[in-house]
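**Q** here you go, sequence then predicted model.
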Amino acid sequence: MQTLTLTSTDPAAKLARRAFPEYRGRLFRLQITDTAVNCASFWDGGSRDYFAFVHLATGQVTATVPAQSAFDPQVKGLDTVTLPDGVAAVRHAIVCGRDRGLTLIVHPRNVAPLLPAAK
């Protein structure tokens, strides 16, 4: 797994912002992984991750992942989501009550058009 820090003008950051248009921060990351993604979304110790999925070719965003807690119906398989070809996950992380930004999670075969421009 590799993680890159992005600027708000990078293609991956723009795509991540489509998933969470209400996000006004400046923290963006691109995570490249070929392993399953844990998309469980629940509050734990003041921290929570919110997830949405984006179709890379069209920019179409799916509905967000439903909440998971002891009081919500459990969604089986959320802890081991395998990203289909052409789809990225976007994580909006709140850690200990602080907004930690958006992370676009992609498989290595889909990352080339999303990489930041060389400087």
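**A** That came through fine.
**Q** residues near residue 116, how many?
**A** Applying other CB atoms under 10 Å, we find 16 residues neighbouring residue 116. C-beta coordinates here come from the backbone N, C-alpha and C atoms, glycine included.
**Q** ok, and the closest non-adjacent residue to it?
**A** Ranked by CB to CB, 6 or more residues apart in numbering and with sequence neighbours excluded, the top spatial neighbour of residue 116 is residue 10, at 4.5 Å.
**Q** now residue 60
**A** residue 54 (7.2 Å).
**Q** the helix or strand harbouring the one you found packs against which elements?
**A** When elements are assigned from DSSP states H and E, residue 54 belongs to strand 48-55. Secondary-structure packing of strand 48-55 (3 or more CB pairs under 8 Å, 6 or more residues apart in numbering; DSSP states H and E): helix 11-19, strand 87-95.
**Q** JSON lines for the ones you listed, including mean pLDDT, mean neighbour count and distance to residue 81?
**A** Putting the helices and strands packed on strand 48-55 into JSON lines (pLDDT from 0 to 100; neighbours: other CB atoms under 10 Å; distance: least, CB to CB, whole Å) gives the following:
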{"stretch": "helix 11-19", "mean pLDDT": "91", "mean neighbour count": "20", "distance to residue 81": "15"}
{"stretch": "strand 87-95", "mean pLDDT": "93", "mean neighbour count": "20", "distance to residue 81": "7"}
